[in-house]
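> Got a sequence here, can you build the structure:
(one chain, ligands or ions: 1)
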Amino acid sequence: MRADPIPTELAARVRLVIFDVDGVLTDAGVYVGEDSDGRTVELKRFDIQDGIGIKMLGWAGLQVAIVSGRVSEATAIRARELGIEACYQEPDAHKLVVVERLLEERGIEWEEVAMIGDDIPDLAVMRRVGLRAAVGNATAPMVAVADWQATRSGGHGAAREFCDALLSARGVLDEVVERYVEERSRT
Ligand SMILES: [Mg+2]
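Below you'll find the model as predicted:
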C-alpha cells in the first residue's frame, strides 16, 4: 500500500522538519537494564533507512530538528550520528516552548514547519505547524489532525516514507537520489 501524496502547496513552503523520537524514529520500545556498576542503561533501536531519509532532507536544503518528550542518551547519540544539532529532549513532553524558541532564533514561521509524530505528546506542536504528518500506527487524536499519514509504522520506515513523500511533493526526490549516487559512482 502507498500513502497519498503530500499536498504540493503544503510541501512547498516547508523549511524545517521536526521529528518526534519515540514512536516515530523508534517503535516506541525502550530497552532498560543495568550495567555491571548498577547504572541504568537505556537502548533504542533506530532504522538506518530513516536515517538516510533525514540526511536527504538536509541535502535538499531543509532544516531538521529532533524534539523528544523524554530524556535519553540513546537519542543524543543518534542525533549526533545524523549530524542534527537541533536535538531537544524535554522532560514530560513540554515541546512547544523549545520549538517556539527555535523558530524565533531561526526566523521561521509556523506555516514553514512540518512535523511527524505518533501520539498526544506531539499534539501541542502539531496543531501549530503547516504540515502535519502521522506515522501509520499513530493514535486516533494524531490521525485526526494529520494532513498526511504514512502506511508504515514508527521505527519501521514511517520516517523514511515521510522524507521521500515530502521531497517528492517538492519535486526534488529524484534529483537528490541521483546526486547521491553520482557522487558515489566516481572512482
Ligand atoms: Mg512519540
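> When you work out contacts or count neighbours from here on, use the C-alpha atoms and nothing else.
OK.
> Which stretches in this structure count as strands?
Along the chain, the segments classed as strands by DSSP state E run 16-19, 31-34, 40-43, 63-68, 87-89, 113-117, 131-134, 148-149.
> And those: which comes nearest the ion?
Nearest to the ion among those is strand 113-117; the distance by C-alpha to the ion comes to 5.9 Å.
> looking only at pLDDT, what's the mean for the closest one?
For strand 113-117, the per-residue pLDDT values average out at 98.
> Counting by contacts, list what that strand packs against.
With contacts taken as 3 or more C-alpha pairs under 8 Å, 6 or more residues apart in numbering; DSSP states H and E, strand 113-117 sits against strand 16-19, strand 131-134.
> need the contact list for E42.
With C-alpha atoms under 8 Å, 6 or more residues apart in numbering as the criterion, the residues that contact E42 are 30-33, 72-74.
> Show me which residues of the protein sit near the ion.
Selection of the chain residues close to the ion by C-alpha under 5 Å from the ion yields 22-23.
> Give the residue spans of the chain that score low on pLDDT.
1-2 (pLDDT under 70).
> So which residues of it form helices?
Using DSSP state H, the helices found in the chain span residues 8-12, 48-59, 73-81, 95-106, 123-126, 140-145, 158-169, 173-183.
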